[in-house]
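In: everything below, folded, please.
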Amino acid sequence: MWRRSYRLAGPILGLSAVCLLITAVPLELWPTPRPGDSYVFNPPAFSAIWVQRTLRPGLIISANALLLVGLSTVLRRDSASMSRLQRAFAFGALFGTGGCVLGTLLFTTAGTNDIGREITAFLIWALAIPFVILGLVGWGIGYLRADSTRLGAALTVPPVLAVAYIGLSMAGVDFSPVGRLLLIIPTSGMALVVGYDLWTDNTVSEER
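Out: Numbers count the residues shown, from 1 in each chain. So this is what the prediction gives:
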C-alpha cells in the first residue's frame, strides 16, 4: 500500500514540472493583447495579458504545491534511513517550499492597493527562499554521501544554480531574455528526476 502511494507521487511531480515549463513560455508567443498594449480590463483567455495575470500565478502556485507533496513523499519514504541532520535539512526545505506557496498566494490575491499583503508576501519569500536553498542542498548532500547520486544531484544542483544566478545578476550580469529559464528548467528537471525515482520506488534503504 505504501509503495503504491510513493509511486503515485511520481506523476504529481511530473505535473509540477509541466506547470513550471508552461510558465517559461515567453509572453511574446501568446496571442495579443500583450502587456504594454492599451489597458484591457477583461483580456481573452490565453492572450498574453491573461497568461501574465491569471495563468502564470495559478501555475506557479500549483507547481510549488505539487512539489511540496512530492518532496514530502520522498521524506516519508526515506526518513528512517536518513541521519538526523539530513532529516532536519529536509524539513527545512519543505518549510521553505510551503512558505513560497503561501507568499505566492498572498501576492497574487492582493488587490491593486493592498500594499500590506504584498509586503507580507515579500517578507515570507525572504524567509522561505533561504530555507529552500539550504534545505535542498543539505538534503541532497545527504543522498550523495549515501551513494544515491541521482536524488542527490537532483536536489542539490537547482539551488546551487539559483544562488549562482542571483549572485551574478547582483554583480551586473544581464541574463535577459533567458533569465527565467535558468531558474525554471533546473527546477523542472529536479521535479522530473525525483518523480521518476518515486515512480520506480528505488528507496535509499533498499540501495543500502
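
In: use CA for all of it now, contacts and neighbours both
Out: OK.

In: what about residue 150, how many residues nearby?
Out: 15 (other C-alpha atoms under 10 Å).

In: do residue 76 as well
Out: 12.

In: in what helix or strand does it lie?
Out: helix 56-78 (DSSP states H and E).

In: what comes up buried for that helix?
Out: By 16 or more other C-alpha atoms under 10 Å, the buried positions in helix 56-78 come out as 56-75, 77.

In: can you list contacts of that helix?
Out: Residues outside helix 56-78 that contact it (C-alpha atoms under 8 Å, 6 or more residues apart in numbering): 6, 9-10, 12-13, 15-17, 19-20, 22-23, 87, 90, 94, 97-98, 100-101, 104-105, 108, 191, 194-195, 198, 203-205.

In: quick check: mean pLDDT of that helix?
Out: Per-residue pLDDT over helix 56-78 has a mean of 93.

In: may I have that helix exported as PDB, CA atoms only?
Out: C-alpha atoms of helix 56-78 as PDB (Å, rounded to 0.1, in the frame of the first residue of the first chain):
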ATOM      1  CA  ARG A  56       1.200  32.100 -14.600                       C
ATOM      2  CA  PRO A  57       0.300  32.800 -11.000                       C
ATOM      3  CA  GLY A  58      -2.000  29.800 -10.900                       C
ATOM      4  CA  LEU A  59       0.600  27.500 -12.400                       C
ATOM      5  CA  ILE A  60       3.300  28.700 -10.100                       C
ATOM      6  CA  ILE A  61       1.100  28.100  -7.000                       C
ATOM      7  CA  SER A  62       0.100  24.700  -8.400                       C
ATOM      8  CA  ALA A  63       3.700  23.700  -9.200                       C
ATOM      9  CA  ASN A  64       5.000  24.600  -5.800                       C
ATOM     10  CA  ALA A  65       2.100  22.900  -4.000                       C
ATOM     11  CA  LEU A  66       2.700  19.700  -6.100                       C
ATOM     12  CA  LEU A  67       6.400  19.900  -5.500                       C
ATOM     13  CA  LEU A  68       5.700  20.100  -1.800                       C
ATOM     14  CA  VAL A  69       3.500  17.000  -1.900                       C
ATOM     15  CA  GLY A  70       6.200  15.100  -3.900                       C
ATOM     16  CA  LEU A  71       9.100  16.100  -1.700                       C
ATOM     17  CA  SER A  72       7.100  15.300   1.400                       C
ATOM     18  CA  THR A  73       6.500  11.800   0.000                       C
ATOM     19  CA  VAL A  74      10.300  11.400  -0.500                       C
ATOM     20  CA  LEU A  75      10.900  12.300   3.100                       C
ATOM     21  CA  ARG A  76       8.200   9.900   4.300                       C
ATOM     22  CA  ARG A  77       9.700   7.100   2.200                       C
ATOM     23  CA  ASP A  78      13.400   7.600   3.200                       C
END
